[in-house]
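Q: please work out how this folds:
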Amino acid sequence: MKRKVIQLAFQKTIPVMVGYLVLGFGYGIYSASKSYGLGWVFPISLFVYAGTMQYVLVDLLVSHASVLEGLLTTFMVNARHLFYGISMLEPYQVLKKEKPYVIFALTDETYSLVVQEVPEGISKRWYYFFISLFDHCYWVLGSCLGALVGSANIIPSKGIEFSMTALFLTVFLDQWKEKQDHFSALFGLVASIGSILLFGKDHFLIPTMILIALALYIRGKRERI
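A: Next up, the predicted model:
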């Protein structure tokens, strides 16, 4: 039974594997280019496992950001997981001692798989666990390979820092195409530019996040009235 679950979970996670190996590889090279090699990349990918936030974390480390900046930035970047978690409260009731790990390992891509209907005859408990475990392993493997390659200077790392900009640009364009309402995208762009002009490129992130959070809160409150 467990072997069947493992095979199915692996098949389901193949698309995630391709994406995670590529993105993780890019993160590893980027981190190594900033002098944070495998000794940093492996534990961060293993215990932080935050995808986009790990790219941001490199810049926070380089700029010697405060703990407060790190906490606020992490919360704002990954706040969407609050909603993922709420929607999985009932499905995850089947989990036992592996529940804390599966909750920890819930990413955007993992959520897109575990939220699907589990095939009949497949243990939901182990299906959720192995989906989460495989995706986590893919990310760690890709990150570590990237760190090794980046530290060995096999691939020129010049310009690799643009990968973070490219990643956010992709997210921005996806949101723009999928949503009819462009308020959040436009306000985020304006708030970012304004904060850079007012506070400088090293201190703009927190003011930007606060402005975006306030704007969305006020807009949501007005829509409920």
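Q: hey, which helix or strand in this structure has the poorest pLDDT?
A: Within the chain, confidence by mean pLDDT, DSSP states H and E is lowest for helix 162-178 among all helices and strands, at a mean of 65.
Q: so what touches whatever helix or strand comes next after that helix?
A: Reading on from helix 162-178 to the C-terminus, the next helix or strand found by DSSP states H and E is helix 183-199. Around helix 183-199, the neighbours that count as contacts under CB atoms under 8 Å, 6 or more residues apart in numbering are 172, 175-176, 179, 204-205, 207-208, 211-212, 215-216, 219. The C-beta positions use only the backbone N, C-alpha and C, and glycine is treated the same way.
Q: format these as a markdown table; extra columns: distance to residue 43.
A: Listed next are those as a markdown table, based on distance: CB to CB, whole Å:
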| residue | distance to residue 43 |
| --- | --- |
| 172 | 30 |
| 175 | 32 |
| 176 | 36 |
| 179 | 36 |
| 204 | 29 |
| 205 | 24 |
| 207 | 31 |
| 208 | 29 |
| 211 | 33 |
| 212 | 31 |
| 215 | 36 |
| 216 | 34 |
| 219 | 39 |
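Q: neighbour-wise, which one of these leads?
A: residue 205 (23 neighbours; other CB atoms under 10 Å).
Q: right, and it touches residue 70 too?
A: No - Residue 205 lies out of contact with residue 70 (CB atoms under 8 Å); the separation is 10.5 Å.
Q: so the protein: which segments form each domain?
A: As recorded under automatic domain parsing, the domains making up the chain are 2-151, 179-224.
Q: buried deepest among the ones you listed, which one?
A: Most buried of the domains of the chain, by mean neighbour count (mean count of other CB atoms under 10 Å): domain 2-151, with a mean of 17.
Q: that one: how far from the chain's middle?
A: Relative to the centre of its chain, domain 2-151 is centred 7 Å away, using CA atoms, centre = their mean, to the nearest Å.
Q: ok now do residue 16, which residues does it touch?
A: Neighbours of residue 16 in contact, by CB under 8 Å, 6+ apart: 109-110, 113, 134-135, 138.
Q: try it again at 10 Å.
A: When contacts are counted by CB atoms under 10 Å, 6 or more residues apart in numbering, residue 16 touches 107-110, 112-113, 131, 134-135, 138-139.
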